[in-house]
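S.K.: kindly generate the corresponding structure for this input.
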Amino acid sequence: MMISQRVIRLSSALLATLCGSNVLAADETWEHQAAVYMVGASIDGTVGIGPVEADINVGFDEILDNLELGFMGAYRGKRGPWAVSADLIYMALEGDKSGLGITGNGRAAADFDETIFEVSAAYDLNNVLAAYAGLRYWNLDGDVEVTLGGPGGTVLTAGGGDDWVDPIVGLRLQLPLGDSWQFVVKGDVGGFGVGSDFAWQSTAYFAWQPGAHGNLLLGYRYLYNDYEAGSGSDRFRWDVGQGGPTAGFGWRF
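M.R.: Take a look at the predicted model:
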């Protein structure tokens, strides 16, 4: 699944504006960190494609059984009070929810590919707190199947997807805990009707750096998005929250 050219242009412009700006002190050097990580996220919400709408629910204990393919990576570069970040999540997932309807025999299932790409720029407000703003791109494509309860057992199916870009604003707090530990928590809100109606994210993790370069990350991340666009057969709805523990490995250079 390719990230749209619109997002690439917007992201490149944001990073180029900061990196080429004279607000970066000439005597400062860049500090970089790249990381790969995994989110053991539960997924709960409503997906609608055309006239077919399904409530999906994948618990944390089921996520590995329902994860067909996934990749998650992040980058953060810092120079002086400024920082730039990029984050990519790709998951191929399936989820279902049974016991629906008056009879309790109904079932809803969804199988979808999800790409989330985020780019942001941050500025230090003091030694531990930074404000950031950026863009978060969503691309979703999948199939929804609803089995109605009752004697007929009618099955409704629909397939499709959509993509959109949310502006985001947030704060990032980084607290040192001794020589080799840090605690980082960040949160943002976005959408504002530009892409989704409303979206928010919260992330908290501990980072342990036993050596000069490598560090281990362990924490929790939650993403929520309320998006709906189109009508009739072109309608797409994504009102879903995703959250769970995260673990990863980072490298400073």
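S.K.: for the stretch 51-200 of the chain, which segments count as helices?
M.R.: 63-66 (DSSP state H, counting those that start in this stretch).
S.K.: quick one: low-confidence parts of it?
M.R.: Counting by pLDDT under 70, the ranges of the stretch 51-200 of the chain that qualify are 59-69, 95-105, 149-153.
S.K.: where's Ala207, which helix or strand?
M.R.: Assigned by DSSP states H and E, Ala207 falls within strand 198-208.
S.K.: which strands or helices does that strand pack on?
M.R.: In terms of contacts (3 or more CB pairs under 8 Å, 6 or more residues apart in numbering; DSSP states H and E), strand 198-208 is packed against strand 155-177, strand 181-190, strand 214-229, strand 236-252. Bear in mind the C-beta positions are built from the backbone N, C-alpha and C, glycine included.
S.K.: could those go into TSV alongside distance to Trp200 and mean neighbour count?
M.R.: What follows is these, written out as TSV (distance: least, CB to CB, whole Å; neighbours: other CB atoms under 10 Å):
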stretch	distance to Trp200	mean neighbour count
strand 155-177	9	17
strand 181-190	5	17
strand 214-229	5	18
strand 236-252	9	18
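S.K.: just the buried positions in stretch 112-130, please.
M.R.: Across stretch 112-130, burial judged by 16 or more other CB atoms under 10 Å covers 112-122, 124, 130.
S.K.: show me these that map onto strands.
M.R.: Using DSSP state E, the members of those that fall in strands are 112-122, 124, 130.
S.K.: okay, those residues in JSON lines with distance to Trp208 next?
M.R.: Output for those, formatted as JSON lines (distance: CB to CB, whole Å):
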{"residue": "Phe112", "distance to Trp208": "34"}
{"residue": "Asp113", "distance to Trp208": "33"}
{"residue": "Glu114", "distance to Trp208": "29"}
{"residue": "Thr115", "distance to Trp208": "30"}
{"residue": "Ile116", "distance to Trp208": "26"}
{"residue": "Phe117", "distance to Trp208": "27"}
{"residue": "Glu118", "distance to Trp208": "24"}
{"residue": "Val119", "distance to Trp208": "27"}
{"residue": "Ser120", "distance to Trp208": "24"}
{"residue": "Ala121", "distance to Trp208": "27"}
{"residue": "Ala122", "distance to Trp208": "22"}
{"residue": "Asp124", "distance to Trp208": "23"}
{"residue": "Ala130", "distance to Trp208": "21"}
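S.K.: how about these, which pair is most distant?
M.R.: Spatial extent of those (CB to CB) is set by the pair Phe112 and Asp124 at 37.9 Å.
S.K.: in the chain, which residue is most central in space?
M.R.: Ile116 (5.2 Å; CA atoms, centre = their mean).
S.K.: who's in contact with the residue lying closest to that residue once chain neighbours are set aside?
M.R.: Spatially, and ignoring its direct neighbours in sequence, Ile116 is nearest to Ile89 (4.3 Å; CB to CB, 6 or more residues apart in numbering). Contact analysis of Ile89 by CB atoms under 8 Å, 6 or more residues apart in numbering lists 39, 70-72, 114-117.
S.K.: now Ile89: how far from Leu173?
M.R.: Between Ile89 and Leu173 the distance is 22 Å, computed by CB to CB, to the nearest Å.
S.K.: what's the local residue count around Ile49?
M.R.: 27 (other CB atoms under 10 Å).
S.K.: beta partners for the nearest residue to it once chain neighbours are set aside?
M.R.: Distances taken as CB to CB, 6+ apart put Ala158 closest to Ile49, at 4.1 Å, once the chain neighbours are dropped. As for beta bridges, Ala158 partners with Val144 under DSSP bridges.
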